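Participant: just need the structure, nothing else, for what follows:
(2 chains)
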Amino acid sequence: GQNIDQPTEMTATEGAIVQINCTYQTSGFNGLFWYQQHAGEAPTFLSYNVLDGLEEKGRFSSFLSRSKGYSYLLLKELQMKDSASYLCAAVSGSARQLTFGSGTQLTVLP
Amino acid sequence: ETGVTQTPRHLVMGMTNKKSLKCEQHLGHNAMYWYKQSAKKPLELMFVYNFKEQTENNSVPSRFSPECPNSSHLFLHLHTLQPEDSALYLCASSHPGQHTDTQYFGPGTRLTVL
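Facilitator: Predicted coordinates:
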């Protein structure tokens, strides 16, 4: 079966760094996505990792370890607008379907 | 971001009503998806269409009926729903065959079944 685990909630302070972890168990793993979803809005694409290692994109970075079934999203220089739910999703199978975690609700405090 | 639009944004319906959700994508994609998002639960894939052909139905009850008349439009017809069907229904599209095959989401329809 497919299983994605990520923390339900996290809190951090404006200007700080936060790391959101995601572990997955999927058959036919092809890659891992991170999405950001503000309340009442569409999930928006943040990053995609298919190879092991760190992908950096501005204040956001994403890491993947295929051997450990583990990924994290790193947010630097946190801003209030980063308060949102962060969704981890694993791609699997020839149909490349996404299996989502429940999301991590991040609250950035002043 | 207006790549994927959904209407209506909010819908309240009784269990005996018939209604339809609409999704339109302006990204030139060939695959479209319906997801259900309930509070505190992962997004659940409901249906997948590739080039207007349904390729996935994840054991969705027959009271949900999808329709894909062309690659840009996707509908979800609702009939005799239950209160537990209340959720956010998200549409997404992608371009299969591209390396990342990223799915782009619409803003969703917040459905309440009374």
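Participant: the helix or strand bottoming out on mean pLDDT in chain B pairs with which strands, parallel or anti?
Facilitator: The helix or strand of chain B with the poorest confidence is strand B:53-57; it has a mean of 79 (mean pLDDT, DSSP states H and E). Strand pairing for strand B:53-57, using DSSP bridges, gives strand B:44-50 (antiparallel).
Participant: surely residue A:32 is in contact with residue A:89?
Facilitator: Yes. Look at residue A:32 against residue A:89 with Cβ atoms under 8 Å: they come within range, at 7.0 Å. Every residue, glycine included, has its C-beta placed from N, CA and C.
Participant: in terms of neighbours, single out the busier of those two.
Facilitator: The residue with more neighbours, out of residue A:32 and residue A:89 and counting by other Cβ atoms under 10 Å in any protein chain shown, is residue A:32; that gives 26 against 23.
Participant: shouldn't the more buried one be within a strand?
Facilitator: Yes. Assignment of residue A:32 by DSSP: H, G, I helix; E, B strand; the rest coil places it within a strand.
Participant: hmm, which helix or strand of chain A has the shakiest average pLDDT?
Facilitator: Least confident helix or strand of chain A, by mean pLDDT, DSSP H and E, is strand A:97-100 with a mean of 90.
Participant: nearest spatial neighbour of residue A:10, chain-adjacent residues omitted?
Facilitator: Excluding its sequence neighbours, the residue lying closest to residue A:10 (Cβ to Cβ, 6 or more residues apart in numbering or on different chains) is residue A:106, at 5.1 Å.
Participant: still on that earlier bit, list residues touching both of residue A:32 and residue A:89?
Facilitator: By Cβ atoms under 8 Å, 6 or more residues apart in numbering or on different chains, residue A:32 and residue A:89 have no common neighbours.
Participant: related to what we said a few turns ago, list the buried residues in the least confident helix or strand of chain B.
Facilitator: Buried residues in strand B:53-57, counted by 16 or more other Cβ atoms under 10 Å in any protein chain shown: none are found.
Participant: re the thing from before, residues near the residue nearest to residue A:10, how many?
Facilitator: For residue A:106, the neighbour count with other Cβ under 10 Å is 21.
Participant: so what strands line up beside the host helix or strand of it?
Facilitator: In this assignment (DSSP states H and E), residue A:106 forms part of strand A:104-109. Strand A:104-109 has its sheet partners listed here by DSSP bridges as strand A:9-13 (parallel), strand A:84-92 (antiparallel).
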